[in-house]
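Trainee: Sharing a model that was predicted from the sequence below.
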Amino acid sequence: MSAQKRVLYTRHGQVAVITLNRPDVLNAFDKPMYDGVNVALEQFRDDKLVRVAVLQAAGERAFSAGADIKAIAADLEAGTFEGYGPLLTDDNMVTAKPIIAAVHGHCIGEGVNLMLACDLVVADETARVAVSEARIGINAVDIPLKLARKIGYAKAFALLVPGEAKDATWCQAAGLVEIVTPAGQAQNRAFELAYEIAESCGPLAVQAQKETLWRAVFEGEKQGRSAGMAWREITRPSADYAEGQRAFLERRKPLFKGK
C-alpha cells in the first residue's frame with residue numbers, strides 16, 4: 001500500500017479531512033505511514049480552499065496502535081531498517097491552521113505523538129491512550145517533551161510510567177482531551193467543531209492566535225509575542241477585521257474571506 005493510500009486527504013467544504021487508513025493493522029506506523037502523514041500535513045498547509053483540518057482514523061478499533069512492530073522486524077531481518085519517521089510535527093508547527101483530532105479506541109505511542117500535534121482533541125469513550133515504550137525497554141523522546149508542555153510533569157509522568165492505558169475521562173481531566181463523546185461520535189463532534197471554527201471565526205485571526213500560542217509554549221514568550229505582533233500587522237488592516245466590525249454593529253453573522 002502506497003503512502004497516499006495509507007493516509008487519505010479529502011475536503012468537505014472548508015474543512016480538510018486527514019484519515020489514517022490502515023485499519024487492518026490498527027493504523028500502525030510503518031515508513032510509508034510516516035511519509036503519508038507528512039505529505040497530508042503539507043497538503044493541508046498549502047491548500048488555500050480549507051481553513052481547518054480533522055485528523056481521524058479508519059476502522060472501529062484504533063486511532064493508531066503506534067509503531068508497526070512487524071514491519072520493523074521485517075526491515076531488520078532484511079537489513080533495510082534505518083529508523084522510521086520523524087513526523088514533521090515533532091519539532092515544527094507545520095501550519096498555523098488548526099487541526100482537530102478525532103480519537104477512538106487504542107491510541108498508542110506514535111498515535112499519541114500525532115494526537116499531541118493537534119490543537120484540539122475530541123475523543124469518544126472507547127479511547128485508551130498509552131505510551132508504553134518503557135514496557136519494552138526503550139524511551140520516547142518527542143512525546144515526553146510535548147506532554148510536559150501540555151499537561152505538566154506529574155500527569156505526564158503518570159502517563160509515561162508504568163505505561164498502562166488511560167481512558168478518555170482521565171485524559172480529559174489531565175488536559176489531553178477537550179471533549180469526550182459517546183462511543184462512535186468523536187468524528188461527528190470533531191466535524192461540528194471544525195465547521196464552527198471555519199464558519200464563525202476569521203481565518204487570519206485563528207492562525208494568528210495559534211502561532212502566537214504555539215511559539216510562546218514551544219519557543220518562549222518573547223517569540224510568541226513577536227509572532228503575535230507580526231500577525232497584528234496583517235489582521236488589523238484586513239478586510240476580515242473590517243467585516244467583523246460591521247457584522248457586530250449590524251448584528252449579523254460575518255462573512256470572512258481570509259484576507
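Mentor: That came through, no problem.

Trainee: any chance you could map the strands in the stretch 51-200 of the chain?
Mentor: For the stretch 51-200 of the chain, the strands defined by DSSP state E, counting those that start in this stretch cover 52-57, 62-64, 99-103, 106-108, 120-124, 128-130, 166-167, 179-181.

Trainee: Could I get the ones you listed in CSV, plus columns for distance to residue 89?
Mentor: (Glycine included, C-beta is placed from N, CA and C.) Below are the strands of the stretch 51-200 of the chain laid out as CSV (distance: least, CB to CB, whole Å):
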stretch, distance to residue 89
strand 52-57, 10
strand 62-64, 14
strand 99-103, 9
strand 106-108, 15
strand 120-124, 14
strand 128-130, 17
strand 166-167, 21
strand 179-181, 21
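
Trainee: Output those in a markdown table; the columns should cover mean neighbour count, mean pLDDT and distance to residue 78.
Mentor: Converted to a markdown table, the strands of the stretch 51-200 of the chain look like this (neighbours: other CB atoms under 10 Å; pLDDT from 0 to 100; distance: least, CB to CB, whole Å):
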| stretch | mean neighbour count | mean pLDDT | distance to residue 78 |
| --- | --- | --- | --- |
| strand 52-57 | 26 | 98 | 28 |
| strand 62-64 | 28 | 98 | 24 |
| strand 99-103 | 28 | 98 | 33 |
| strand 106-108 | 26 | 98 | 25 |
| strand 120-124 | 25 | 98 | 36 |
| strand 128-130 | 21 | 98 | 29 |
| strand 166-167 | 18 | 98 | 36 |
| strand 179-181 | 20 | 98 | 42 |
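
Trainee: how about the helices in this structure?
Mentor: 3-6, 31-46, 69-78, 110-116, 142-151, 153-160, 168-174, 186-200, 203-218, 221-235, 239-250 (DSSP state H).

Trainee: Residue 230: neighbouring residues, count only.
Mentor: Neighbour count for residue 230, taken as other CB atoms under 10 Å: 12.

Trainee: An error on my part: the question was meant for residue 237.
Mentor: Neighbour tally, residue 237, other CB under 10 Å: 9.

Trainee: What does it show for phi and psi?
Mentor: The phi/psi pair for residue 237 (degrees, to the nearest 10) reads phi -90, psi 10.

Trainee: before we move on, back to that, out of the strands of the stretch 51-200 of the chain, flag the one nearest residue 93.
Mentor: strand 99-103 (10.3 Å; CB to CB).

Trainee: Could you spell out the sheet neighbours of the closest one, each with its direction?
Mentor: Using DSSP bridges, the strands paired with strand 99-103 are strand 52-57 (parallel), strand 120-124 (parallel).

Trainee: Using CSV, write out every CA atom in that strand.
Mentor: Only the C-alpha atoms of strand 99-103 are listed here, as CSV (Å, rounded to 0.1, in the frame of the first residue of the first chain):
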residue,chain,number,x,y,z
ILE,A,99,-6.1,20.7,13.4
ILE,A,100,-8.7,18.8,15.4
ALA,A,101,-8.1,15.1,16.3
ALA,A,102,-11.0,12.7,16.5
VAL,A,103,-9.7,9.8,18.6
